[in-house]
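Enquirer: Test case, fold it:
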Amino acid sequence: MVMFDSLNRHFLPPYGCDWVHAPNFKRLAEKSVVFDNCYAGSLPCMPARREIHTGRYNFLHRSWGPVEPFDDSTPEILKKKKIYTHLVSDHYHYWEDGGCTYHNRYSSWEISRGQEGDLWKGEVKDPNIPEHVPNMRESEAGWRQDWVNRKYMQKEEDQPQAVTFKMGLEFIETNYKEDNWFLHIETFDPHEPYFTQQKYKDLYKHDYNGPHFDWPNYTMVKETPEQVQHCRYEYAASVSMCDHHLGKVLDIMDEKNMWKDTMLIVNTDHGFLLGEKDWWGKMVQPVYNEIAHTPLFIWDPRSGKKNERRSALVQTIDLAPTILEFFGIEIPKDMQGKSLIDTIESDVKVREAALFGYHGAQVNVTDGRYIYMRAPARRRNAPLYEYTVMPTHMSELFTLREMRTVELAEPFSFTKRCKTMKIKTTNFISNSHHYGTMLFDLQNDPNQENPLIDTEIEKRMIKLLVEKMKENEAPLEQYERLGLTPEGELL
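Expert: Numbers count the residues shown, from 1 in each chain. Sure thing, here's the model as predicted:
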């Protein structure tokens, strides 16, 4: 599995982009099945990775956090079944407080340091930072550290992505003749900041005299059109670097004739807004399709299907059961995802609807045509709790204020008779009520520019929303927070 972070499908040639230089993604599409209707589930980074491990939605019970003791971790299941698993990654959230239990689920792992604000190189003296306008990340905690890190990776071979793929290729060279192994190559790119080499920037030459800008804030667009377009080119250059290293994986699979017996999955966790709808980033705005609608490519040597498209509605939670099924391992009953073996073969439908969202924000559901975004009913976005036995946020422990609210919650079925802490949270996403509840018809409004008002369609989408929440054992207060009863009636 080759995984990128924040890889936008609308910047990829197989998904209709005609200006981004990514010939290896085009080559990948010719060698695999391309999914046209893949959606994220839990967002952002670590919630998505928990889904990859567990095959079930995370965001209704928990925000950003580690693998829990009761979780069914796919790499660990494989390891226990004598399938060798190996992770190579530069995704530094794996070694922060809120991700620290993921990498040890593998048989072995290697990391490459230096992405974004990774607390890597130590320099007391402030680094030299190019001039930048006030809203271009200078207040971000990782801004200073990122400029320290950049000094140590001026050549491409020293950049974390290049090191990560080099380690992945080394694993393949060492082990390709062996059977029963799972390699997870994961790079943080093309996640911001868009730090690339000049040869990739040269693919998008353009006149620009503005400030240094390769790391947008998560906010409304305040920059000039020229600055916005420049940043989009910087992102495209990062995509082209990803494409280059993806090509090395395709090359070695060609060279070693691995296509005959090796599955290849290429995926991402979510997308990113790069000026669309006058927004940058994610998390602070509704989960529009630029964020939720993701690229997915799978080659399954058993079917041999390639250079074909699939329209079935699939999600991140389907990756875990797909991998387990490939190795002939029984799928745990707590996994909500579905193996995509039949969908790869003949576009078999695996679900009527898909949930997606952030903990504490709008809860979203799509049936592939309509997207319904249900907003919190109250400005204070309550009641809202975290259910966990691992009280960590992204890069810090839960606060004492949060811990003083702890009460024991009765087990959910997926916690395997274990009670969890129920912790009151204000949540870092508390402004989603500003946007209200919205309904979109993707067939007639693919860019989600005109919210639809249709009572009958909304009722049907509420029914789907509630059905999927029940399947996930959503805590009762989540319905109350959304102004709904568990039966789908309005409060």
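Enquirer: in stretch 225-240, what's buried?
Expert: Using 16 or more other C-beta atoms under 10 Å as the test for burial, stretch 225-240 gives 227-240. For every residue, glycine as well, the C-beta is placed using N, CA and C.
Enquirer: Okay, and residue 77 sits in which element?
Expert: helix 74-80 (DSSP states H and E).
Enquirer: looking just at contacts, which helices and strands does that helix meet?
Expert: helix 45-54, strand 84-89, strand 181-186, helix 319-326 (3 or more C-beta pairs under 8 Å, 6 or more residues apart in numbering; DSSP states H and E).
Enquirer: looking at those, which is buried most?
Expert: Highest mean neighbour count of the helices and strands packed on helix 74-80: helix 45-54, a mean of 25 (counted as mean count of other C-beta atoms under 10 Å).
Enquirer: Now do it against helix 319-326, angle only.
Expert: Angle, helix 45-54 to helix 319-326, by axes from the mean of the first three to the mean of the last three C-alpha atoms, to 10 degrees: 30 degrees.
Enquirer: Could you quantify the relative orientation of helix 45-54 and strand 181-186 as an angle?
Expert: Going by the same axes, to 10 degrees, helix 45-54 is angled at 170 degrees with respect to strand 181-186.
Enquirer: Offset the numbering so it begins at 14, please.
Expert: With the count now opening at 14, the last piece we talked about shows up as helix 58-67.
Enquirer: Tabulate the CA atom coordinates of helix 58-67 in PDB.
Expert: Taking C-alpha atoms only, helix 58-67 is exported to PDB below (Å, rounded to 0.1, in the frame of the first residue of the first chain):
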ATOM      1  CA  CYS A  58      -4.900  12.400   9.600                       C
ATOM      2  CA  MET A  59      -4.900  10.000  12.600                       C
ATOM      3  CA  PRO A  60      -8.600   9.400  12.600                       C
ATOM      4  CA  ALA A  61      -8.200   8.200   9.000                       C
ATOM      5  CA  ARG A  62      -5.400   6.000  10.000                       C
ATOM      6  CA  ARG A  63      -7.400   4.400  12.800                       C
ATOM      7  CA  GLU A  64      -9.900   3.500  10.100                       C
ATOM      8  CA  ILE A  65      -7.200   1.900   8.000                       C
ATOM      9  CA  HIS A  66      -6.300  -0.200  11.000                       C
ATOM     10  CA  THR A  67      -9.700  -1.000  12.300                       C
END
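Enquirer: ok so, going back, mind giving me TSV with the helices and strands packed on helix 87-93 and columns for distance to residue 118?
Expert: Shown next, in TSV, are the helices and strands packed on helix 87-93 (distance: least, C-beta to C-beta, whole Å):
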stretch	distance to residue 118
helix 58-67	7
strand 97-102	8
strand 194-199	10
helix 332-339	12
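Enquirer: Of all the ones you listed, which one is nearest residue 32?
Expert: Smallest distance to residue 32 across the helices and strands packed on helix 87-93 (C-beta to C-beta): 26.7 Å, for strand 194-199.
Enquirer: That closest one: partners in the sheet, and parallel or antiparallel?
Expert: With DSSP bridges as the test, strand 194-199 is paired with strand 15-17 (parallel), strand 97-102 (parallel).
Enquirer: Show me what the closest residue to residue 20 other than its chain neighbours is bridged to.
Expert: In space, and not counting its chain neighbours, residue 20 is closest to residue 281: 3.8 Å by C-beta to C-beta, 6 or more residues apart in numbering. Counting by DSSP bridges, residue 281 is bridged to residue 17.
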